[in-house]
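K.L.:
Have a look at this prediction, sequence included:
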Amino acid sequence: MISPIDGIKIAVETLRVNVMRSLLTVLGIVIGVAAVIVMVAVGSGARELIGDQIRSIGSNLILVFPGATTQGGARLGSGSVHTLTAADAEAIQTEASAVKYAAPIWSGIAQVVYGNRNWRTRITGTTHPYFEVREWTLRHGRYFTPDEERHGSKVAVLGQTVVENLLGDTYPLGKVVRIQNVPVTVIGVLEPKGQSPRGEDQDDTVIVPLKTSQYRLFGSPFPGEVNAILVQAKSLSVISEAEQQVDELLTRRHRIGKGREKDFSVRNLTEILNSAQKTLNIMTTLLGAIAAISLLVGGIGIMNIMLVSVTERTREIGIRMAVGARSVDVLSQFLIEAVVLSVSGGVIGIIVGAGGAFVFSRLSGWPALISPYAALVAILFSAAVGVFFGFYPAFKASRLHPIEALRYE
């Protein structure tokens, strides 16, 4: 019986006789495997990117917004009522056992001026726990103190984008900028965070004490009113419990009776991440189906060319059987040739797919993570395609009668 190594050598020599035909035969396998590699690389990169963007907002994060309301028979959107207050945030942090931090926010858009430069950006009024919830560290300077929060001091911590566009190369600490014509002293600069999941530049912001935003910059028609509350659970394992505690606490504080519509909404960022990943999984499944069709077409191509090969080499098969080759030897030889053909297509497909993923990453700016596991699965699947679609031609070759094969012209 022929050894597998000798069988591979013979298969390679046979395929080299007509290189162009062999390449065209494995084209479907190449396209299918390349599609799988690109799909897995881009999908993994997209998951990593979305995960990083959501984690950049903060871990174990729960968002609380003013709820929707109905006015004049028309339902208004979320945030259309003024129900959340800084006192709600304080109650959440002190009374909800699963909550680590809660930070109220009162924000707006304003022009910030320094010398002859100006920059329009978001002004976020909040308390010190905001930096803990967002896990936002400092590049320079310090955060505002509890005393500065209580007195609504005119101090600010700047995001990196604001520093670059407003101050340029000027050392920022101690500089006085004007927000809504109010002079504010820069006391700190934050480390860059990049884009949010919605594509917004998180570094394009100025952060001031909550009372500074409420009473000095934007004003507030309702005492203590806030736009939102950021809540951080103590751990990922208790985030659902923390969400429930926040919901129950605010329902009780706002005296919302049973069956009545709530005037606030609570959202869990983990759910947003899971939703994004489900969407990616659907897209991955769709692309996988396309790749599977390509592999199926490639497998049919291999079967077709192997049947042609059996016809072309009928006399050779007869000679081999005449000199002692058994049916199993002929079967294994043609099967090895089909596997070598398909695996060669798989290897070429991996190279093409890796190149395609790299080009896509460069053009789109998305990370593309090439998975060794995906490459291994692609090779094994290619071999399986070779065995599956090569078996019938190999079996047909092994069933030829030696005398009839020798007579074939």
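P.N.:
In hand now; what should we look at?
K.L.:
Number of residues surrounding the residue nearest to Ser371 when sequence neighbours are not counted?
P.N.:
In this structure, Ser371 finds its nearest non-sequential neighbour in Val40, 5.3 Å apart by C-beta to C-beta, 6 or more residues apart in numbering. Every residue, glycine included, has its C-beta placed from N, CA and C. Each residue near Val40 was counted by other C-beta atoms under 10 Å, and the total is 25.
K.L.:
ok, Val40 - contacts?
P.N.:
284, 371, 374 (C-beta atoms under 8 Å, 6 or more residues apart in numbering).
K.L.:
thought the second one was touching Gly45?
P.N.:
In other words, Ser371. No. With contact defined as C-beta atoms under 8 Å, Ser371 does not reach Gly45; the gap is 10.4 Å.
K.L.:
Just want to know which of these two has more residues nearby.
P.N.:
Neighbours around Ser371 and Gly45, counted as other C-beta under 10 Å, are more numerous at Gly45. The numbers are 19 against 14.
K.L.:
Look up the closest residue to that one, ignoring the ones flanking it.
P.N.:
Pro367 (3.9 Å).
K.L.:
Give me the phi and psi for the one you found.
P.N.:
Phi and psi for Pro367, reported as degrees, to the nearest 10, are phi -70, psi 150.
K.L.:
Next: the one 4 residues further on.
P.N.:
Per-residue torsions, Ser371: phi -100, psi 120 (degrees, to the nearest 10).
K.L.:
gap between it and Leu363?
P.N.:
Computed with C-beta to C-beta, to the nearest Å, the distance linking Ser371 and Leu363 is 20 Å.
K.L.:
Ignoring the adjacent residues along the chain, who's closest to Lys396?
P.N.:
Using C-beta to C-beta, 6+ apart, the closest residue to Lys396 is Val310 (5.8 Å).
K.L.:
Repeat that for Ile187.
P.N.:
In space, and not counting its chain neighbours, Ile187 is closest to Val155: 4.8 Å by C-beta to C-beta, 6+ apart.
K.L.:
Run a quick check on Glu149 versus Gly125, I expect a contact.
P.N.:
No. In this structure Glu149 lies outside contact range of Gly125 using C-beta under 8 Å: 9.9 Å.
K.L.:
Look at the two and report which has more neighbours.
P.N.:
Each of Glu149 and Gly125 has its neighbours counted (other C-beta under 10 Å); Gly125 has more, 29 against 20.
K.L.:
So what pairs up with that one in the strands?
P.N.:
Beta-bridge pairing of Gly125 under DSSP bridges involves Trp106, Val208.
K.L.:
Look at it and report its pLDDT.
P.N.:
Note on Gly125: pLDDT of 94.
K.L.:
which residues sit against stretch 166-179?
P.N.:
Identification of contacts with stretch 166-179 by C-beta under 8 Å, 6+ apart yields 110-114, 117-119, 123, 140-141, 156, 158, 163, 183-189, 206, 208, 217.
K.L.:
hmm, 7 Å instead?
P.N.:
110, 112-114, 117, 119, 123, 140-141, 158, 163, 183-187, 189, 206, 217 (C-beta atoms under 7 Å, 6 or more residues apart in numbering).
K.L.:
do stretch 186-204 as well
P.N.:
Contacts for stretch 186-204 (C-beta under 7 Å, 6+ apart): 50, 53-54, 56-57, 121-122, 136-144, 155-163, 172-175, 177.
K.L.:
Swap in 6 Å and give it another go.
P.N.:
53-54, 56, 121, 136-142, 155-161, 163, 172, 175 (C-beta atoms under 6 Å, 6 or more residues apart in numbering).
K.L.:
same deal with stretch 218-228?
P.N.:
Under C-beta under 6 Å, 6+ apart, the answer for stretch 218-228 is 65, 82, 84-87, 104-108, 214.
K.L.:
Those residues: which two are farthest apart?
P.N.:
Ala87 and Gly108 (20.7 Å; C-beta to C-beta).
K.L.:
re the thing from before, in CSV, list the contacts of stretch 218-228 along with secondary structure.
P.N.:
What follows is the contacts of stretch 218-228, written out as CSV (DSSP: H, G, I helix; E, B strand; the rest coil):
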residue, secondary structure
Phe65, strand
His82, coil
Leu84, coil
Thr85, strand
Ala86, helix
Ala87, helix
Pro104, strand
Ile105, strand
Trp106, strand
Ser107, strand
Gly108, strand
Gln214, helix
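K.L.:
can you count the residues close to Met283?
P.N.:
14.
K.L.:
Do I have it right that the residue nearest to Gly45 meets Ala46?
P.N.:
No. Judged on C-beta atoms under 6 Å, Pro367 makes no contact with Ala46 at a distance of 8.2 Å.
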